[in-house]
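**Q** coords below, sequence missing:
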């Protein structure tokens, strides 16, 4: 949610909370503004990391591509899921309807095999 100087703080906060609630009710564990920011941490982590998203934003798709280019050995999988049975993948073509600004609708599991970065 983006506020403005003319908009009351409470209205902006309510809008942000509503967006997060909508993402969680849709099956995701993060909202559309956080999902792309998680990608770098997942890439740098040791082992396998997963997040569930309600829709895949263009920012997230770009962050995955960029992390794979920059981090040698990192591997991402984007697995479309059914809403009624989160453990059953569905065919990609049924959930790749692109909406506004390149967003892919539907529930997706983003799995990352991270590089286990450790600062020396």
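**A** Looks like it arrived, so ask away. Since this is a predicted model, take the numbers as computed values, not measurements. Residues are numbered from 1 along each chain as shown.
**Q** Can you list the low-confidence ranges for the protein?
**A** Across the chain, residues meeting the criterion (pLDDT under 70) sit at 1, 84-100.
**Q** hmm, 50 instead?
**A** In the predicted model, the chain carries pLDDT under 50 at residues 86-96.
**Q** Would you mind finding the longest helix in it?
**A** helix 9-25 (DSSP state H).
**Q** List the buried residues in stretch 6-21.
**A** Using 16 or more other CB atoms under 10 Å as the burial criterion, the residues of stretch 6-21 that qualify are residue 20. For glycine as for every other residue, the C-beta is placed from the backbone atoms N, C-alpha and C.
**Q** Quick check: which element contains the most centrally placed residue in the chain?
**A** For the chain, the residue lying nearest the average C-alpha position, counting by CA atoms, centre = their mean, turns out to be residue 35 (3.3 Å). If you go by DSSP states H and E, residue 35 is part of helix 32-44.
**Q** next structured bit after that helix?
**A** The helix or strand immediately downstream of helix 32-44 is strand 48-56, counting by DSSP H and E.
**Q** could you say what helices and strands that next one packs with?
**A** Using 3 or more CB pairs under 8 Å, 6 or more residues apart in numbering; DSSP states H and E, the elements in contact with strand 48-56 are helix 9-25, helix 32-44, strand 104-113.
**Q** a markdown table for these, including distance to residue 78?
**A** What follows is the helices and strands packed on strand 48-56, written out as a markdown table (distance: least, CB to CB, whole Å):
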| stretch | distance to residue 78 |
| --- | --- |
| helix 9-25 | 17 |
| helix 32-44 | 11 |
| strand 104-113 | 6 |
